[in-house]
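**Student:** sharing a sequence plus its predicted fold:
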Amino acid sequence: MLIRFMWNIRSMLGTPSAPSVVSGSITNQSLTIEWKPIVLTNITHRIQWKYANVSSTWSYTTPDATEPNGPNRVHLHNLYAYSSYQFRIEWLIVPWLRISIYSKPSEPITTLQYGVPSTPCIITTFLPISSSQISVNWRQPDLIIVLMVMIMMISIHIR
């Protein structure tokens, strides 16, 4: 019965459109996303995010990190500089039964860089080419460690 109900709802409403970034809204710590509006006005929505370039789970945005900018547009702040995020929209169909419909994820959206990197790169090779030139190869710091620290900070902030 519940499956039939959900099928009817999905066929009636469709699915939310994937959110997209509003042109010119990206800074080093914020951005604005928008999505196509729903025909029905009594459907509540929530925004989920995750890091785009690492294995991560979907999390809900916190009220202090979002600023509504219209019925289907929101400004997100308190983001990390030069980090890639994905967002999706959740329509809450029957909240007390946890019945929701999710949009497809947005394309990865990267905030702008800012200042000197917070962690140093790791130099992998350093070779002299001539008396006045060198060749340096490096890689990013282990992002998983940086992400673990950020997730711990976020979870402490939410409590």
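**Tutor:** Yes, it's here.
**Student:** and this protein, what are its domains?
**Tutor:** The record assigns the chain these domain ranges, following automatic domain parsing: 2-115, 118-159.
**Student:** report the beta-bridge partners for S20.
**Tutor:** Beta-bridge partners recorded for S20 (DSSP bridges): E34.
**Student:** that one and Y60: what is the separation?
**Tutor:** 19 Å (CB to CB, to the nearest Å). Quick note: C-beta positions are derived from backbone N, CA and C, even for glycine.
**Student:** and what of F5?
**Tutor:** 24 Å.
**Student:** hey, where'd the strands end up in the protein?
**Tutor:** With DSSP state E as the criterion, the chain has strands at 20-21, 30-34, 44-51, 59-60, 66-68, 73-77, 84-94, 99-102, 109-110, 122-128, 134-139.
**Student:** now those in JSON lines, with distance to M1, mean pLDDT and mean neighbour count?
**Tutor:** Formatted as JSON lines, the strands of the chain follow (distance: least, CB to CB, whole Å; pLDDT from 0 to 100; neighbours: other CB atoms under 10 Å):
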{"stretch": "strand 20-21", "distance to M1": "36", "mean pLDDT": "96", "mean neighbour count": "16"}
{"stretch": "strand 30-34", "distance to M1": "36", "mean pLDDT": "95", "mean neighbour count": "20"}
{"stretch": "strand 44-51", "distance to M1": "23", "mean pLDDT": "92", "mean neighbour count": "17"}
{"stretch": "strand 59-60", "distance to M1": "29", "mean pLDDT": "94", "mean neighbour count": "14"}
{"stretch": "strand 66-68", "distance to M1": "35", "mean pLDDT": "80", "mean neighbour count": "13"}
{"stretch": "strand 73-77", "distance to M1": "35", "mean pLDDT": "93", "mean neighbour count": "18"}
{"stretch": "strand 84-94", "distance to M1": "13", "mean pLDDT": "91", "mean neighbour count": "19"}
{"stretch": "strand 99-102", "distance to M1": "12", "mean pLDDT": "87", "mean neighbour count": "16"}
{"stretch": "strand 109-110", "distance to M1": "40", "mean pLDDT": "95", "mean neighbour count": "18"}
{"stretch": "strand 122-128", "distance to M1": "57", "mean pLDDT": "86", "mean neighbour count": "9"}
{"stretch": "strand 134-139", "distance to M1": "54", "mean pLDDT": "82", "mean neighbour count": "10"}
